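Colleague: Build me a structure from this.
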Amino acid sequence: MPFHDYWTPKPYDYDRATHGLVEKLQAYMDLADAQEDEAAAEGIRGTALQIHERWHHFSTDAGMLKPEDDARCRRILLLR
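Modeller: Numbering: from 1, shown residues only. Modelled structure (predicted):
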């Protein structure tokens with residue numbers, strides 16, 4: 001099942017959506033860093049950011065967001 005499909009069913013399954021999120025975001029950021037073309041790298045970083053934003057949105061709406069999970073993701077994405 002694709003990663004994002006964990007967010008769409010009701011009720012929202014925070015543990016399933018969060019499982020592996022840090023690793024997936026890190027893989028996207030590593031891939032972006034390996035790109036020679038900066039436009040391609042920015043596109044990959046944008047995809048990682050969209051994944052985080054969608055996870056954050058659904059987690060917040062469900063009232064399940066854990067600050068420590070969000071902080072780990074933000075560190076990877078270099079968000080402050």
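Colleague: Counting by contacts, list what the helix or strand bottoming out on mean pLDDT in the chain packs against.
Modeller: Least confident helix or strand of the chain, by mean pLDDT, DSSP states H and E, is helix 14-18 with a mean of 88. If you count contacts as 3 or more CB pairs under 8 Å, 6 or more residues apart in numbering; DSSP states H and E, helix 14-18 packs onto helix 38-61. For every residue, glycine as well, the C-beta is placed using N, CA and C.
Colleague: Check what contacts the helix it packs on and list those residues.
Modeller: With contact meaning CB atoms under 8 Å, 6 or more residues apart in numbering, helix 38-61 is reached by 3-4, 7, 12, 14, 17-18, 21, 24-25, 28-29, 31-33, 35, 65-66, 69-70, 73-74, 76-77, 79.
Colleague: For the residue of the chain positioned farthest from its centre, give me phi and psi.
Modeller: Farthest-out residue of the chain from its mean C-alpha position, per CA atoms, centre = their mean: Glu36, at 23.1 Å. Phi and psi for Glu36, reported as degrees, to the nearest 10, are phi -80, psi -30.
Colleague: buried ones in the next helix or strand along the chain from the least confident helix or strand of the chain?
Modeller: Downstream of helix 14-18, the next assigned helix or strand under DSSP states H and E is helix 21-33. Going by neighbour count (16 or more other CB atoms under 10 Å), the buried part of helix 21-33 is Leu21, Lys24, Leu25, Gln26, Tyr28, Met29, Ala32.
Colleague: Could you list the residues in contact with stretch 21-30?
Modeller: With CB under 8 Å, 6+ apart as the criterion, stretch 21-30 contacts 3, 44-45, 47-48, 51-52, 55, 69, 72-73, 76-77.
Colleague: Tell me the most packed of these, by neighbour count.
Modeller: Across the contacts of stretch 21-30, neighbour numbers were computed from other CB atoms under 10 Å; Trp55 holds the maximum, 24 neighbours.
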